[in-house]
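Engineer: sequence below, structure please.
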Amino acid sequence: MNEDVNDDETAPGGSVENAFLDLLDQDIAAHPERLQPITPDLARRAQSLVGGVSVDFDIPLPHDVA
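Structural biologist: Residues are numbered from 1 along each chain as shown. Now for the predicted structure:
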């Protein structure tokens, strides 16, 4: 990870994201053989699953979900 960037100051909840990215970074370093490219077929499959979904990030979640 890039140690020169302090995401804690630029993004709310940054420490959670940084912890996840650090874990991901460590796993990739320990097991680079697990990395797989995103093939055109996989990209088409993912697009078919979410292509028609629209999300409005400005609408608050209902209280029973949040």
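Engineer: scan the protein for its longest helix.
Structural biologist: Once the chain is assigned using DSSP state H, the helix that runs over the most residues is helix 14-30.
Engineer: just the buried positions in that helix, please.
Structural biologist: Counting neighbours by 16 or more other CB atoms under 10 Å, one finds that the buried residues in helix 14-30 are residue 18. C-beta: built from backbone N, CA, C; applies to glycine.
Engineer: now for that helix, which elements pack on it?
Structural biologist: On a contact count with 3 or more CB pairs under 8 Å, 6 or more residues apart in numbering; DSSP states H and E, helix 14-30 meets helix 7-10.
Engineer: quick check: mean pLDDT across the helix it packs on?
Structural biologist: The average pLDDT within helix 7-10 is 51.
Engineer: before we move on, back to that, then the following helix or strand past the longest helix of the chain to PDB, C-alphas only?
Structural biologist: For helix 14-30, the succeeding helix or strand toward the C-terminus, using DSSP states H and E, is helix 40-50. As requested, the backbone C-alpha atoms of helix 40-50 are provided in PDB (Å, rounded to 0.1, in the frame of the first residue of the first chain):
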ATOM      1  CA  PRO A  40     -14.400 -10.500 -21.100                       C
ATOM      2  CA  ASP A  41     -16.800 -13.500 -20.400                       C
ATOM      3  CA  LEU A  42     -16.700 -12.700 -16.600                       C
ATOM      4  CA  ALA A  43     -17.300  -9.000 -17.300                       C
ATOM      5  CA  ARG A  44     -20.300  -9.900 -19.500                       C
ATOM      6  CA  ARG A  45     -21.700 -12.200 -16.800                       C
ATOM      7  CA  ALA A  46     -21.300  -9.500 -14.100                       C
ATOM      8  CA  GLN A  47     -22.900  -6.900 -16.300                       C
ATOM      9  CA  SER A  48     -25.900  -9.200 -17.000                       C
ATOM     10  CA  LEU A  49     -26.400  -9.600 -13.200                       C
ATOM     11  CA  VAL A  50     -26.400  -5.900 -12.400                       C
END
